[in-house]
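1. got a predicted structure plus its sequence, pasted below:
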Amino acid sequence: MLSAALELLSQRGQEGVTLREITQKAGANVAAVSYHFGSLKALCDVAIEHALERYLDAQIREVDALTESATLSELAEAFARPMVSALAAGGQELAVMRTVARVGIDPPEGWERLTGKFEQARQQAVRVLAANVPEADEQELVFRVRCAAGMLNWLALAPIGAELATEPAEQVARMLIPVVAGAFRGAAR
């Protein structure tokens with residue numbers, strides 16, 4: 001049911017799905033939702049939390065592997081790798097990224113449950129950024145990380161994301177990494 005919920009949520013958001021659609025897609029009955037989750041909203045909340053945790057865990061693993069001596073391009077590559085992988089894989093992986101992007105734009109109740117993971121991902125990126133952009137203070141570095149994350153969210157939902165999904169992962173990375181690195185680099189002073 002979580003898989004069906006994620007796919008439908010990625011297409012239409014929480015207000016656009018019905019219990020019947022999810023259970024039909026999952027091959028389950030409506031009573032199963034009540035038994036396992038209690039309600040449509042609870043099922044959607046669990047699916048969204050699952051999607052966010054998968055994305056954040058992947059991003060945390062990638063960025064955590066970097067040292068402070070990593071370049072902005074290496075940071076951008078690690079930061080964007082979960083999105084590049086999802087675009088290349090399509091299907092459920094892309095559905096997860098679209099769900100993450102939707103809730104990033106319109107956070108559901110309970111968003112604060114994942115505050116620690118968001119902060120961990122942000123601080124890991126800031127750690128590498130600080131070594132590469134020493135003239136920027138922490139507030140500016142956090143802003144740059146949030147902008148880069150916003151670009152990735154937009155990419156998952158915008159028509160260009162669907163276009164990129166037809167390209168091999170290497171091509172997507174070749175086009176996307178310099179853009180994300182540019183967001184990290186910021187304007188010359």
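-> Looks like it arrived, so ask away.

2. any idea which helix or strand in this protein has the lowest mean pLDDT?
-> Across the helices and strands of the chain, mean confidence by mean pLDDT, DSSP states H and E is lowest for helix 91-105: a mean of 74.

3. may I see the buried residues of that helix?
-> E93, L94, A95, V96, M97, R98, T99, V100, A101, R102, V103, G104 (16 or more other C-beta atoms under 10 Å). To be clear about C-beta, it is placed using only N, CA and C from the backbone, and glycine gets the same treatment.

4. how about stretch 23-38?
-> T23, A26, V33, F37.

5. give the next helix or strand downstream of the top helix by length along the chain.
-> Across the chain, the longest stretch assigned as helix under DSSP state H is helix 40-64. Next along the chain after helix 40-64, taking DSSP states H and E as the criterion, comes helix 72-89.

6. using PDB, write out every CA atom in that next one.
-> Extracted as PDB, the C-alpha positions of helix 72-89 are listed here (Å, rounded to 0.1, in the frame of the first residue of the first chain):
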ATOM      1  CA  LEU A  72      32.400  22.200  -4.800                       C
ATOM      2  CA  SER A  73      31.800  19.800  -7.800                       C
ATOM      3  CA  GLU A  74      32.300  16.800  -5.600                       C
ATOM      4  CA  LEU A  75      29.900  18.200  -3.000                       C
ATOM      5  CA  ALA A  76      27.400  19.000  -5.800                       C
ATOM      6  CA  GLU A  77      27.700  15.500  -7.200                       C
ATOM      7  CA  ALA A  78      27.200  13.800  -3.700                       C
ATOM      8  CA  PHE A  79      24.400  16.200  -2.800                       C
ATOM      9  CA  ALA A  80      22.500  15.600  -6.200                       C
ATOM     10  CA  ARG A  81      23.300  11.900  -6.600                       C
ATOM     11  CA  PRO A  82      20.000  10.600  -5.100                       C
ATOM     12  CA  MET A  83      18.100  12.800  -7.600                       C
ATOM     13  CA  VAL A  84      20.300  11.800 -10.500                       C
ATOM     14  CA  SER A  85      19.800   8.100  -9.600                       C
ATOM     15  CA  ALA A  86      16.100   8.600  -9.300                       C
ATOM     16  CA  LEU A  87      15.800  10.300 -12.600                       C
ATOM     17  CA  ALA A  88      17.800   7.600 -14.300                       C
ATOM     18  CA  ALA A  89      15.900   4.800 -12.600                       C
END
